[in-house]
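let me see the structure of the following:
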Amino acid sequence: MLPGREQSVPRGAAHVTTTETPVEHLDVLIVGAGISGIGAGRYLKTSHPGKSFAILEARGASGGTWDLFRYPGIRSDSDLHTFGYEFKPWRDEESIASAPRILDYLRETITENDLEPHIRFHHEVVGAQWSSERARWLVDVEDPGTGARHQLSARWVFSAGGYYRYDEGFTPHFEGRDRFCGPIIHPQHWPEDLDHSGKEVLVIGSGATAVTLVPAMAGTASHVTMLQRTPTYIMPVPRKDAVANMAGRLFGPERGYAIARRKNILQQRLIWSFCQRFPKTARKLIRYVNSKALPAGYPVDTHFNPPYDPWDQRLCAVPDGDLFKVIRRGEASVVTDRIKTFTERGVELESGAELEADVIITATGLNVQPFGGVPLVVDGEPVHLPDTIAYKGMMLSGVPNLAFAIGYTNSSWTLKIGLLCEHFCRLLTHMDSYGLDICRPVPSDPAMPKRPFLDFGAGYIQRAVDQLPKQGGRMPWLTSLSYHSDVKLLRSDSVTDPELRFSRAAARAEVAP
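Numbers count the residues shown, from 1 in each chain. Predicted structure coming up:
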């Protein structure tokens, strides 16, 4: 163990001995202290107060995404009545919230649920080996700053580290990049001392980060240009949810939050379903809204008319139409073209035009990294993720006692996280009741048709699709995109299933649930 860590051993933790050194043993290791890991810790502590657990965080702060990203204007692109936890009401009037307020909310959750003693910072998981004989994981942990390593043992590992690399954002190859004389910045690594006042800013990209940066920097900058290769569907949404705020005043924060949450869950589902069933009509409606928000005669079909259908990729929300407002005021503009090369003064486009800039921001996306890039080994055999199938969207075929948290791509991320955490806690209860040690999903038909785990057109997913697990062609091997279906599957239905095999460590014989 690292010096000074003995005092943070949770109540109920034990020590087991390997051939060399004592290893601390816990019931559950949660990997990641972001929105998923904090939620998992709260659900576990509430449902199983006697279990020992730790939340391992590679960085030196909690909050995940909302602490890591520091670029101007960073905010949620989902309403906080659904992006927030079901158990903790969102009390701000603004439902589309800034990162600092979301971070406050997450850290309030940590304090209110006394999770601080369970969180261990600078603990990066670099490997995990499962032993069926011992019915436990042996997890290799490293301090990223010092390189010091130690091991922890756990009955279960709950992977809550998100889906992208924290240390490196995605930037495609740009010809002539080294020629540019000014700073080139990826939003994932925003410098605190950057001053863009009075400067020409070029933002490369058209996703959620780009449409957040442009209005946040406009006004202070001389001008901001958003350069996109392909347009994105962009819709204005109210920054404040009038119905939610009224419900809070009339019924109090708890009941008002529950009402707003149900309303927004239904609203999200209806919008997504409408776009899926009537894509041509949805495209026309979005175009109409965009054209009304933009200056008269603006080339909407050039800059806001994607070649794909709505919700083939995630729609970008702009609170109170802020992106459209800065375009109307002439403080920002959109260019749709391809980059031929960087130049000393900016970028030259394939059309022959040149965009001059003092600062270039590459809002070009994320690098997907499933399970934090941690190599998994089961009984001496390395796990090859593309050979596995996701079970109920939370476990992997053939991999025992490992759960993971991946949220929705067509709705608020946290909606699914809460259901997965509930189901995980119910699964632990079942195993405790029957004295079971091992839980392993095994498909009854290995030849079952398979497809990508995330059937989603976004570039960051498509770049990594061959690194991800698969999903099957039927339940419980489908990756559900429906909150209401998941309420039944994960909250109401039994945790037992013919394709979920349970056993005891001593006899290692399968037993009936």
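
show me what stretch 333-352 is in contact with.
By Cβ atoms under 8 Å, 6 or more residues apart in numbering, the surrounding residues in contact with stretch 333-352 are 174-181, 200, 202, 204, 223-231, 302-304, 327, 353-357, 360. In this view, the C-beta of every residue, glycine as well, is placed from N, C-alpha and C.

quick one: the strand or helix carrying residue 440 to chain centroid distance?
Under the criterion of DSSP states H and E, residue 440 resides in strand 438-441. Centroid separation for strand 438-441 versus its chain: 25 Å, with Cα atoms, centre = their mean, to the nearest Å.

check which residues of that strand are buried.
For strand 438-441, burial by neighbour count (16 or more other Cβ atoms under 10 Å) applies to 438, 439, 440, 441.

same question for stretch 235-253.
235, 236, 237, 238, 239, 241, 243, 244, 245, 247, 248.

distance to residue 467, secondary structure and pLDDT added to the residues you listed, as CSV?
What follows is the buried residues of stretch 235-253, written out as CSV (distance: Cβ to Cβ, whole Å; DSSP: H, G, I helix; E, B strand; the rest coil; pLDDT from 0 to 100):
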residue, distance to residue 467, secondary structure, pLDDT
235, 31, strand, 95
236, 35, strand, 95
237, 33, strand, 95
238, 38, coil, 95
239, 37, coil, 95
241, 37, coil, 95
243, 41, helix, 96
244, 39, helix, 95
245, 43, helix, 95
247, 43, helix, 95
248, 43, helix, 94
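
hang on, residue 95 packs against residue 242?
No - taking contacts as Cβ atoms under 8 Å, residue 95 lies outside contact range of residue 242: 9.7 Å.

make a markdown table out of the buried residues of strand 438-441 and add distance to residue 68.
What follows is the buried residues of strand 438-441, written out as a markdown table (distance: Cβ to Cβ, whole Å):
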| residue | distance to residue 68 |
| --- | --- |
| 438 | 35 |
| 439 | 32 |
| 440 | 34 |
| 441 | 32 |
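
pLDDT (mean, whole number) over stretch 449-466?
Computed over stretch 449-466, the mean pLDDT rounds to 72.

go on, stretch 63-80?
Regarding stretch 63-80, the rounded mean pLDDT is 94.

over to stretch 210-220?
96.

now do stretch 331-339
97.

equivalent analysis for stretch 428-442, please.
Averaging pLDDT along stretch 428-442 gives 97.

one more: stretch 46-57?
Averaging pLDDT along stretch 46-57 gives 98.

keeping just the C-alphas, turn it into CSV.
This file holds the C-alpha atoms of stretch 46-57, laid out as CSV (Å, rounded to 0.1, in the frame of the first residue of the first chain):
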residue,chain,number,x,y,z
THR,A,46,-27.4,3.2,0.7
SER,A,47,-28.3,-0.3,-0.3
HIS,A,48,-25.4,-2.1,1.2
PRO,A,49,-24.1,-0.1,4.1
GLY,A,50,-22.1,-3.0,5.5
LYS,A,51,-20.0,-3.5,2.3
SER,A,52,-16.5,-2.2,2.0
PHE,A,53,-15.7,-0.2,-1.1
ALA,A,54,-13.4,2.4,-2.5
ILE,A,55,-13.7,4.9,-5.4
LEU,A,56,-10.4,5.1,-7.3
GLU,A,57,-9.7,8.3,-9.2
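
need the pLDDT of residue 303.
So residue 303 comes in at 97 (pLDDT).

once you drop chain neighbours, what's closest to it?
Leaving aside its chain neighbours, residue 303 sits nearest to residue 334 (4.4 Å; criterion: Cβ to Cβ, 6 or more residues apart in numbering).

what helix or strand is that neighbour located in?
For residue 334, the enclosing helix or strand under DSSP H and E is strand 332-336.

that strand pairs with which strands, and in what direction?
strand 223-228 (parallel) (DSSP bridges).

which ones are touching residue 216?
By Cβ under 8 Å, 6+ apart, the contact set of residue 216 is 71, 72, 73.

now residue 453
390, 468, 469, 470, 471, 479.

pick out the most distant pair among these.
468 and 479 (10.3 Å; Cβ to Cβ).

who has more neighbours out of these two?
Neighbours were tallied for residue 468 and for residue 479 using other Cβ atoms under 10 Å; the higher tally belongs to residue 479 (23 against 20).

what separation do you get for the more buried one and residue 443?
14 Å (Cβ to Cβ, to the nearest Å).

so where's the chain uncertain?
Along the chain, the parts satisfying pLDDT under 70 run over 1-21, 455-462, 506-513.

give me the most central residue, it.
residue 162 (4.7 Å; Cα atoms, centre = their mean).

looks like residue 61 contacts residue 121 (just checking).
Yes - using Cβ under 8 Å, residue 61 is in contact with residue 121, at 7.1 Å.
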